[in-house]
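Novice: give me a 3D structure for the following:
(chains A and B, ligands or ions: 4)
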Number of protein chains: 2
Amino acid sequence: VGNITIGNYILTRLAQLKVTKMFGLPGDFNLGFLDLIEEHPDIDWVGDCNELNAAYAADGYARVKQNSLGVVVTTFGVGELSAMNGIAGAFSEMVPVLHLVGVPSTTQQKNRPILHHTLGDGRYDAYTIASKQFTISQAQLMDKHEAAHQIDHVLVQCITRARPVYMTLPTDMVHQEISGERLKIPLTRHPATNDPQTEEFVLDLIQERVQQAGGDIAILVDACVIRFDVQEEVKEFLKQTGFPVYSTPMGKTAIDEGYNRYGGIYIGTITHPLVKQRVESAKLLLSIGSLKSDFNTGNFSYNIPTRHHIELHSDHTRVQYGLFSGIGMKQLLPKLTERLQHWYPTAIKLPVEPFVNVVPNAQADIPMITHAHFWPRVGQFFLPKDVIVTETGTSNFGILDVPLPEGAKLVSQILWGSIGWSVGSALGAAFAAREVGKERVILFVGEGSLQLTVQELSPMIRHDLKPIIFVLNNSGYTIERYIHGRTRKYNDVDNWKWTSILDTFGANLGKKYQSYMVETRAELDKLLNTPGFGAADKIQLVEVMMPALDAPQALERQAELTGKGNTYAP
Amino acid sequence: VGNITIGNYILTRLAQLKVTKMFGLPGDFNLGFLDLIEEHPDIDWVGDCNELNAAYAADGYARVKQNSLGVVVTTFGVGELSAMNGIAGAFSEMVPVLHLVGVPSTTQQKNRPILHHTLGDGRYDAYTIASKQFTISQAQLMDKHEAAHQIDHVLVQCITRARPVYMTLPTDMVHQEISGERLKIPLTRHPATNDPQTEEFVLDLIQERVQQAGGDIAILVDACVIRFDVQEEVKEFLKQTGFPVYSTPMGKTAIDEGYNRYGGIYIGTITHPLVKQRVESAKLLLSIGSLKSDFNTGNFSYNIPTRHHIELHSDHTRVQYGLFSGIGMKQLLPKLTERLQHWYPTAIKLPVEPFVNVVPNAQADIPMITHAHFWPRVGQFFLPKDVIVTETGTSNFGILDVPLPEGAKLVSQILWGSIGWSVGSALGAAFAAREVGKERVILFVGEGSLQLTVQELSPMIRHDLKPIIFVLNNSGYTIERYIHGRTRKYNDVDNWKWTSILDTFGANLGKKYQSYMVETRAELDKLLNTPGFGAADKIQLVEVMMPALDAPQALERQAELTGKGNTYAP
Ligand SMILES: Cc1ncc(C[n+]2csc(CCOP(=O)(O)OP(=O)(O)O)c2C)c(N)n1
Ligand SMILES: Cc1ncc(C[n+]2csc(CCOP(=O)(O)OP(=O)(O)O)c2C)c(N)n1
Ligand SMILES: [Mg+2]
Ligand SMILES: [Mg+2]
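Specialist: Ligands and ions are numbered 1, 2, ... in the order given. Prediction:
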């Protein structure tokens, strides 16, 4: 390896980390770097319609392409600030995203002229200060001698800690030459090593507790199993021990939902009574990678005494009231498997309610498509390896009761909950899905949410992606109606001609696309049964007409709880 | 006045400041406050498609409705961060905008649970910290005894200093009752009073310099004449003194362009040679409200020796090398008028090149619509009191050479330059125009920019606004092509079916709308001559097909200069 430009050093690192797509928009301060992306043999420029959507796309890409990261490239000020909500979402939800910003030259940053995209008062550091709130590490590439080290550092932080990082690249640094020496050693995740003595102690302790519980354990998998790359370790643990396992909303599909020891979703008081009883009556609950946000826990309504609770996290472990910092689950899990596998014969006898799809009743007395009907019906339509993206709104709740097939992956944003996210995210997810052997990408999005980011359907068409997009059209912000303002005008949403939108974006591009509208259960049935439809050989949009005041049961219950916390009365 | 809820206290203040529209989106933490907006007799809720667009709309509203302010209401985290780029733009361009954020209850802010829309790590102050970078004053309404004072303080800051401010309203504060006593005294701008002795000194000094120059003065009006509300004072000054006057791009329409002592636009080396010569050869240049950003000054290419330059600003004055802080133009100008009006007979003889529209040549050898043809042609279409909104891209430059009729107002964002802004801004401007006696709203936007914020056409339709929207479709980001990457793919933009977009958003709403496409000069002519078209009795969109590599002359020259500053080669 000889010398390499800083721009290409970055791209080489990203390619090593299996990044194949970069999202974003051009701007005066990143154009030179975009040349390098356009010329790179293994990385493609996607070209989004706006920066927020691009950040969402990078997030969706990273979620599906585990073990890699998402990258969004923006321009100084106007571009980077537009992306901020998307980056904050990646922080909140623990998704590894690099935000790379093209900025004015090092000279301009010293002299601080009133360039366009500045605040007009000479402050050139304001955007970085803001970004620090939402990224775990920042690199400003101002000195070529530091650049390689800085780049490597932020990237390792990003992939190890599964959070967004921020990098600024001045125009005059793009083509500066530096040594390529470091590139010989690829970057990898560097989770801290568990202290052996503490770890031994923790293993003993857990073993003892399991013994005391007579092996009556339930496992609860959550978001961080996916984020911190322990899905394989968890799968092995479950297989060897035979313990029953449940999932939170954010952990859904962390383990295959067809697994015969899997009992469905636990969300505190919102849980189906039988499942609730199983989880809460276990003598010990072992939760793995938990993330206890309001919507992930039925508004913090877990009924699990701390005495009965063990929690494995990415960088610490809790056994009942005791905290063991620095003991991370990635290394702990295989050892725990060894220690506990002898429980298999006992564990396998613990009953698990099978998590099965409800049979939808098309012959019900009403023809219209209610949530109670819709979700079981699409549940029958899902296939193994589908990537299913849902949006904050009715769809995030509706999907919970549907068991997803083997290898299927659910992508949703339950903690951050920024509407419109699912559309950008589906774009990124669709690129990633192709690369990781997943099959179809199916998006469920409320019409209210889709209005925020609708233009991101356009790059899907341009890049020949073939998602199936269900637009749930229920005359407004139904989830908000349930929380407050049931019939308020501010919760209404204009009724767009949704079946024209693909045509409006795509007609001149010579691509295939198709739109449908279904108003009754019979129409929905007919469409889902059309073989060509499920084959997903072109981008398809289905407008599903639903009643304004209908919602999945889980949402009804969650909204009640949220409403209480937000009471506006004094 | 008895007691009043905090929510209604805010609305009363805003109504006193002549706010009639509030922009934004609902969210779990602002719904209770939206009830009050919906119920308010003098304020309407607009309901935007996303928060960035809403911030742009509030900005556009404030620009046209001078002496009032724009308001954008968002929800905690997801909403407010989405609006951030819009707020930063209002900071940069000095536009008074209140960003009001519905946040979790005071109790929740103390206990900091992992609610949705949080970062998951208990930091509840991160969004405010970020917002501080882009607003001049922040109020967190956590204590009802402080609330009235805090509200008044941020609002006075906002209108006095013409910059955005930030306010957080917890859910449980909306209906708290406080005294309405303070509401008896309306809020007003409070520019600091000029120190009489310094002011006297400055007036003497200026008078002396004018004397030494033998009255050979040129006036240059700029952005802050509009932002700091001195248009009337400037007009009077010009009328009484008779000095020739020029404008910068950001000052365009600060004074009527039909005024007979007005000589057009000055932008340093980009200026038309005759105008350049007039401005630069004056013995003294008096600039009023100047804002010297790159695009407003031909990349800092003013050829005005400091010795020949006097600058009046909102809070200071410069006479040659001397700085007089605290001497603001609002109070200085009327006194200066008195001191200098005796120069009228001399001043009126100073020659001014008339700023007239070039006659477009429809019979030129090419039929296609080039910028050289387009701008003079639409110049003939403009009417008095038109509000003209242009976007970063070719249109911001193309409009410069077109003299705008009496009472017309140009709205553009030359310093901040965030693409997509013009669309939201036009929405806000259209509401404001109705109220301040302006007539038509005409938007010029590149197809690349329109893709960022296209959904904001939808509220225009819903609210029966009737802008005329020219979409300049030139197969990509032409301004960027001029700066770097002339034929790069990253500068291409998908060719949407622009003439369907109003139909897609509006067909189900039962509103009138119409779309057109013009490909030749003859077609453009025909459309502009159709009386119904100019009457603007419905929303109309005109797709104007233009060559990809054609640009207004001013842009060609600016791009060359910007390209030099951004050189990517080491
Ligand atoms: C960026 C952002 N703005 C506002 C909100 C508040 N919000 C949460 S859900 C929702 C309504 C979603 O409506 P829709 O997509 O139609 O879903 P539905 O519940 O009707 O199926 C809104 C406005 C948010 N979460 N994120
Ligand atoms: C939010 C944002 N993103 C990116 C940019 C960089 N940028 C400036 S102008 C421009 C292209 C505008 O293209 P278009 O609207 O088609 O105008 P044209 O010059 O082609 O008429 C871009 C991408 C920006 N200024 N703001
Ligand atoms: Mg809806
Ligand atoms: Mg264009």
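Novice: how about stretch A:141-158 and chain B, touching?
Specialist: No: figure legend: stretch A:141-158 not in contact with chain B (Cβ under 8 Å from any Cβ of the partner chain); closest approach 8.7 Å. Just so you know, the C-beta spots here come from the backbone N, C-alpha and C atoms, and that holds for glycine as well.
Novice: how much space between A:A218 and ligand 2?
Specialist: A:A218 sits 49 Å away from ligand 2, going by Cβ to the nearest ligand atom, to the nearest Å.
Novice: show me what contacts the residue nearest to that residue when sequence neighbours are not counted?
Specialist: Distances taken as Cβ to Cβ, 6 or more residues apart in numbering or on different chains place A:A282 nearest to A:A218, at 3.7 Å, with adjacent residues excluded. A:A282 makes contacts with A:213, A:216-218, A:244, A:308, A:350, as judged by Cβ atoms under 8 Å, 6 or more residues apart in numbering or on different chains.
Novice: element containing A:D229, please.
Specialist: Under the criterion DSSP states H and E, no helix or strand holds A:D229.
Novice: that one reaches A:R189, doesn't it?
Specialist: Yes: if you go by Cβ atoms under 8 Å, A:D229 and A:R189 touch, sitting 7.3 Å apart.
Novice: mind checking how far the residue nearest to A:A218 is from A:I219?
Specialist: If you measure A:A282 against A:I219 using Cβ to Cβ, to the nearest Å, the figure is 9 Å.
Novice: next: A:D401.
Specialist: On the measure of Cβ to Cβ, A:D401 and A:I219 end up 20 Å apart.
Novice: tell me which of these two has more neighbours.
Specialist: A:I219 (27 against 20; other Cβ atoms under 10 Å in any protein chain shown).
Novice: in a helix, that's where the more buried one is, yeah?
Specialist: No: A:I219 is assigned strand when assessed by DSSP: H, G, I helix; E, B strand; the rest coil, not a helix.
Novice: count of neighbours near the closest residue in space to it that isn't next to it in sequence?
Specialist: Nearest residue to A:I219, sequence neighbours excluded (Cβ to Cβ, 6+ apart): A:V245, at 4.2 Å. A count of neighbours around A:V245, defined by other Cβ under 10 Å, yields 26.
Novice: hey, what's A:V245 bridged with?
Specialist: For A:V245, the beta-bridge partners under DSSP bridges are A:I219, A:Y262.
Novice: residue contacts, it?
Specialist: A:218-221, A:238, A:255, A:259, A:261-263.
Novice: what score does it have for pLDDT?
Specialist: Predicted confidence (pLDDT) for A:V245: 98.
Novice: cool, and the one 5 residues further on?
Specialist: At A:M250 the predicted local confidence, pLDDT, stands at 97.
Novice: so who does it touch?
Specialist: A:222-223, A:291, A:293, A:296, A:412, A:414-415.
Novice: where's it relative to ligand 2, distance?
Specialist: As for A:M250, its distance to ligand 2 is 31 Å (criterion: Cβ to the nearest ligand atom).
Novice: and for the closest residue to that residue other than its chain neighbours, the neighbour number?
Specialist: Once flanking residues are discounted, A:M250 sits nearest to A:A223: 3.7 Å by Cβ to Cβ, 6+ apart. As a burial measure, A:A223 scores 25 neighbours (other Cβ under 10 Å).
Novice: which stretches of chain A have low pLDDT?
Specialist: A:1, A:362-363, A:569-570 (pLDDT under 70).
Novice: give me the residue from it nearest ligand 1.
Specialist: Of all residues in chain A, A:G446 sits closest to ligand 1, at 2.1 Å by Cβ to the nearest ligand atom.
Novice: contacts only, for the nearest residue to that residue once chain neighbours are set aside.
Specialist: Distances taken as Cβ to Cβ, 6+ apart place A:G393 nearest to A:G446, at 3.8 Å, with adjacent residues excluded. Contacts for A:G393 (Cβ under 8 Å, 6+ apart) come out as A:419, A:445-446, A:448-449, A:472, A:477-479.
Novice: cool, and A:F300?
Specialist: By Cβ under 8 Å, 6+ apart, the contact set of A:F300 is A:268, A:292, A:294, B:113.
Novice: and the residues you listed, which two are the farthest apart?
Specialist: A:G268 and B:P113 (13.4 Å; Cβ to Cβ).
Novice: quick one, which of the two is more surrounded?
Specialist: A:G268 (22 against 18).
Novice: now do the phi/psi pair for that one.
Specialist: Per-residue torsions, A:G268: phi 60, psi -140 (degrees, to the nearest 10).
Novice: touching, it and A:N296? I think so.
Specialist: No: taking contacts as Cβ under 8 Å, A:G268 lies outside contact range of A:N296: 9.3 Å.
Novice: send the alpha carbons of stretch A:17-24 over as PDB?
Specialist: The C-alpha trace of stretch A:17-24 is given here as PDB (Å, rounded to 0.1, in the frame of the first residue of the first chain):
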ATOM      1  CA  LEU A  17     -16.700  -2.600   6.500                       C
ATOM      2  CA  LYS A  18     -18.900  -3.800   3.700                       C
ATOM      3  CA  VAL A  19     -20.500  -0.500   3.000                       C
ATOM      4  CA  THR A  20     -21.800  -0.600  -0.600                       C
ATOM      5  CA  LYS A  21     -24.200   2.300  -0.600                       C
ATOM      6  CA  MET A  22     -23.900   5.900   0.600                       C
ATOM      7  CA  PHE A  23     -26.900   8.100   1.100                       C
ATOM      8  CA  GLY A  24     -27.200  11.900   0.900                       C
END
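Novice: how deep is A:L169 tucked in, by neighbour count?
Specialist: 25.
Novice: A:V156 now?
Specialist: Residues lying near A:V156 (other Cβ under 10 Å) number 17.
Novice: count of residues packed around the nearest residue to it once chain neighbours are set aside?
Specialist: Distances taken as Cβ to Cβ, 6+ apart put A:L187 closest to A:V156, at 5.4 Å, once the chain neighbours are dropped. Look at A:L187: counted by other Cβ under 10 Å, it has 19 neighbours.
Novice: ok, now A:S68?
Specialist: Neighbour count of A:S68, defined by other Cβ under 10 Å: 20.
Novice: what's the distance between it and B:A223?
Specialist: Distance of A:S68 to B:A223, computed by Cβ to Cβ: 46 Å.
Novice: try A:A551
Specialist: 49 Å.
Novice: same question, A:T390
Specialist: 46 Å.
Novice: just A:I483 next, same as before
Specialist: 43 Å.
Novice: go on, A:E38?
Specialist: A:E38 is 37 Å from B:A223, by Cβ to Cβ.
Novice: ok, A:Y246 next?
Specialist: 61 Å.
Novice: closest residue of chain A to ligand 3?
Specialist: A:G446 (3.7 Å; Cβ to the ion).
Novice: look at that residue and say how many residues are nearby.
Specialist: So A:G446, with other Cβ under 10 Å, has 28 neighbours.
Novice: thought it was touching A:N396?
Specialist: No: using Cβ under 8 Å, A:G446 is not in contact with A:N396, being 9.5 Å away.
Novice: for the stretch 51-200 of chain A, what spans make up the helices?
Specialist: Here the stretch 51-200 of chain A has its helices, by DSSP state H, counting those that start in this stretch, at A:51-64, A:78-82, A:84-93, A:106-111, A:126-132, A:144-161, A:196-212.
Novice: got those helices as a markdown table, with distance to B:K564 columns?
Specialist: Shown next, in a markdown table, are those (distance: least, Cβ to Cβ, whole Å):
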| stretch | distance to B:K564 |
| --- | --- |
| helix A:51-64 | 26 |
| helix A:78-82 | 21 |
| helix A:84-93 | 30 |
| helix A:106-111 | 12 |
| helix A:126-132 | 24 |
| helix A:144-161 | 21 |
| helix A:196-212 | 60 |
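Novice: mind putting the ones you listed into a markdown table with distance to ligand 1?
Specialist: Below are the helices of the stretch 51-200 of chain A laid out as a markdown table (distance: least, Cβ to the nearest ligand atom, whole Å):
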| stretch | distance to ligand 1 |
| --- | --- |
| helix A:51-64 | 9 |
| helix A:78-82 | 13 |
| helix A:84-93 | 7 |
| helix A:106-111 | 32 |
| helix A:126-132 | 17 |
| helix A:144-161 | 24 |
| helix A:196-212 | 38 |
